[in-house]
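Visitor: Structure, please.
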Amino acid sequence: MDQQHIVPDEFLRKWQQTADVMAGILDVPAGLIMRVWPQQIEVLVASHTPGNPYEEGEKANLNTGLYCETVMATRSLLEVPHALEDARWASNPDVALDMISYLGVPLVWPDDEVFGTICVLDSKKRQYQQRYIELLWEIKRSIEADFRIIEQQQRLIVSNASLSSANQALAQSNAELRAALDQVSAMQGELLRAEKMSALGKLVAGVAHELNTPIGNGLMAASTLKGNAEAIAKELEAGVTRKRMLDFIDGIMQGSNILLHCLGRAAELVDSFKQVAVDQSSARRRQFDLKRTFGEALATLGNVIRKSGHEVCCDVPDGIVLDSYPGPLEQALLNLVTNGLVHAFPDGMQGQIRITARLQEDDWIEVRVSDDGVGIPPANLARVFDPFFTTRLGQGGSGLGLHVVYNQVTTALHGSVRVDSEPGQGACFTLRMPRVAPPAPDLPPA
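Guide: From the prediction side, this is the model:
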């Protein structure tokens, strides 16, 4: 008997009623359901009828000539009308209990393993009518149908146990994935902060270089004015002609104009750089003019562009006003331009980067940053936005620039970005974003 063939109590109760009814209908003292074990046979269910010598749980050894042994071995019906009149059964152990007649059929589990028997025994000679034999076969089929239900229930229990184990494993796997995702998110936040600090560092360098010219010219003009003032002061002691005085006044006017122009230009640059710095250091939402914002952002790269020898053209119409987040947009633009300057024109090649922007009919903004450089190999197109992917490993490329572009456009600006390129035909990055950003966006860490 396989351990998996355990019978639940509700079926034992049902079979008990079946055995009682069976013994009553056939008018016998013993109606039994037997279960076989490796070395023994057990009374699983015994009818509660007068004169029944068998008790539930009682066991007998096999290979002793029991009626049920023959039933299980042949898997067929066995009818013994009177054991004492048949030499084959005269020494049967059941004769000692005065059970001299027997009628039984085998019970077979769904896996075709013999479970035991169902039988009736009597203390007097019996020749069972055909209807009683058919009844016994019908009870057999009913019990074997219960076997199939029991097996299905057991499989369901095993399946549920496996499912529970799988759910636990899945829960643990999900927990590990969440922990890994949190770690990746934290790493991404650190990378974004590092990239922003790098951008601010480049901004400071751009400020210093761009301010150097107007401030230097202003200092020169101020120094000239001071020298002219000292000279005229000495000449006044000896007397100054009208023409000399008019020349001095004219020099003062020219120097003042130069100084005012230089200071004004410096003030404009400081204001632009300040706005870009504030935008890039905090993801604040505001209304801003796209053309002016792009101009201020590109001004921070003025020195880099001049040194590269390439041309950067910005074609943005007047009057496109966004209600969104200028910082992420500026950073995306600067990263795309810088990426083009570094990668699009190798080996002294001269080229142009063109920036265009248009307001679409769906109230979305489309920005294109294209170049006429060498293009991107097809094998790299699907990976350009992956973090740490670079074709200049060990040559100053971090592999984060375009990843930051993708992150800022898709997360902060709630837009999309794609790249199109053919080898030798340049590359074009297309950004689409709503002119009015959705409320309360999920922004990357500042």
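
Visitor: Using CSV, list the CA coordinates for the host helix or strand of residue 73.
Guide: Per DSSP states H and E, residue 73 falls inside helix 67-74. Included here for helix 67-74 are C-alpha records, laid out as CSV according to Å, rounded to 0.1, in the frame of the first residue of the first chain:
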residue,chain,number,x,y,z
TYR,A,67,-10.2,-15.7,0.3
CYS,A,68,-9.2,-12.1,-0.4
GLU,A,69,-5.7,-13.2,-1.5
THR,A,70,-7.1,-15.1,-4.5
VAL,A,71,-9.4,-12.1,-5.4
MET,A,72,-6.4,-9.7,-5.4
ALA,A,73,-4.2,-12.1,-7.3
THR,A,74,-6.7,-12.9,-10.0
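
Visitor: which is the next helix or strand following that helix?
Guide: Towards the C-terminus, the helix or strand next in line after helix 67-74, according to DSSP H and E, is strand 78-80.

Visitor: Who does that next one pair with, and is each partner parallel or antiparallel?
Guide: The partner list of strand 78-80 in its sheet, established with DSSP bridges, is strand 101-108 (antiparallel).

Visitor: mind checking how far the partner strand is from the chain centre?
Guide: 61 Å (CA atoms, centre = their mean, to the nearest Å).

Visitor: Just the residues contacting it, thanks.
Guide: Residues external to strand 101-108 that are found in contact with it (CB atoms under 8 Å, 6 or more residues apart in numbering): 26, 33, 67-68, 71-72, 74-83, 89, 94, 114-126, 128, 132-133, 136-137, 140, 143-144, 147. Using the backbone N, CA and C atoms, a C-beta is placed for each residue, glycine as well.

Visitor: and if you look at stretch 110-117?
Guide: Residues contacting stretch 110-117 (CB under 8 Å, 6+ apart): 1-2, 5, 32-36, 41-42, 44, 68, 71-72, 75, 104-109, 144, 147-148, 151.

Visitor: Name the nearest residue to residue 334, sequence neighbours excluded.
Guide: For residue 334, the nearest residue in space outside its immediate sequence neighbours is residue 297; the separation is 5.7 Å by CB to CB, 6 or more residues apart in numbering.

Visitor: do residue 369 as well
Guide: Once its chain neighbours are removed from consideration, residue 369 has its nearest residue in residue 336; the separation is 4.3 Å (CB to CB, 6+ apart).

Visitor: Moving C-terminal from the helix-or-strand element of the chain with minimal mean pLDDT, which element do we reach first?
Guide: When each helix and strand of the chain is scored by mean pLDDT, DSSP states H and E, helix 242-281 comes last, with a mean of 71. Helices and strands here follow DSSP H and E; after helix 242-281, the next one along the chain is strand 286-289.

Visitor: Which secondary structure elements does the helix or strand hosting residue 35 sit against?
Guide: Counting by DSSP H and E, the element that carries residue 35 is strand 30-36. In this structure, strand 30-36 makes packing contacts with helix 9-26, strand 40-46, helix 67-74, strand 114-122, judged by 3 or more CB pairs under 8 Å, 6 or more residues apart in numbering; DSSP states H and E.

Visitor: Distance to residue 355, mean pLDDT and mean neighbour count added to these, as JSON lines?
Guide: Formatted as JSON lines, the entries for those read as follows, by distance: least, CB to CB, whole Å; pLDDT from 0 to 100; neighbours: other CB atoms under 10 Å:
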{"stretch": "helix 9-26", "distance to residue 355": "79", "mean pLDDT": "93", "mean neighbour count": "16"}
{"stretch": "strand 40-46", "distance to residue 355": "88", "mean pLDDT": "94", "mean neighbour count": "20"}
{"stretch": "helix 67-74", "distance to residue 355": "90", "mean pLDDT": "94", "mean neighbour count": "19"}
{"stretch": "strand 114-122", "distance to residue 355": "83", "mean pLDDT": "95", "mean neighbour count": "25"}
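
Visitor: quick one: which of these is nearest residue 359?
Guide: With distances scored as CB to CB, the stretch of the helices and strands packed on strand 30-36 nearest to residue 359 is helix 9-26 (74.2 Å).

Visitor: before we move on, the earlier item: which of the contacts of stretch 110-117 are buried?
Guide: Among the contacts of stretch 110-117, those buried by neighbour count (16 or more other CB atoms under 10 Å) are 1, 5, 32-36, 41-42, 44, 68, 71-72, 104-109, 144, 147.

Visitor: Can you list the residue ranges for helices in this protein?
Guide: With DSSP state H applied, the chain shows helices at 9-26, 67-74, 130-238, 242-281, 290-299, 302-308, 326-343, 378-381, 401-407, listed in chain order.

Visitor: Nearest to residue 98, out of the ones you listed?
Guide: Across those, residue 98 has its closest neighbour in helix 67-74 (13.9 Å, CB to CB).

Visitor: which other residues reach that closest one?
Guide: With CB under 8 Å, 6+ apart as the criterion, helix 67-74 contacts 34, 36, 41, 62-63, 77-78, 80, 89, 92, 94, 102, 104-106, 114, 116-117, 119, 121.

Visitor: And stretch 225-234, by the same measure?
Guide: Applying CB under 8 Å, 6+ apart, the contact partners of stretch 225-234 are 240, 244-245, 248, 251-252, 255-256, 259.

Visitor: let's see 10 Å
Guide: 240, 244-245, 247-249, 251-252, 254-256, 258-259 (CB atoms under 10 Å, 6 or more residues apart in numbering).

Visitor: correct me, but residue 248 touches residue 224?
Guide: No - contact criterion CB atoms under 10 Å: residue 248 and residue 224 do not qualify, at 11.9 Å.

Visitor: remind me which residues of the stretch 101-250 of the chain are low pLDDT?
Guide: Under the criterion pLDDT under 70, the flagged ranges of the stretch 101-250 of the chain are 188-211.

Visitor: give me that answer again for 90
Guide: Across the stretch 101-250 of the chain, the ranges flagged by pLDDT under 90 are 111, 151, 153-250.
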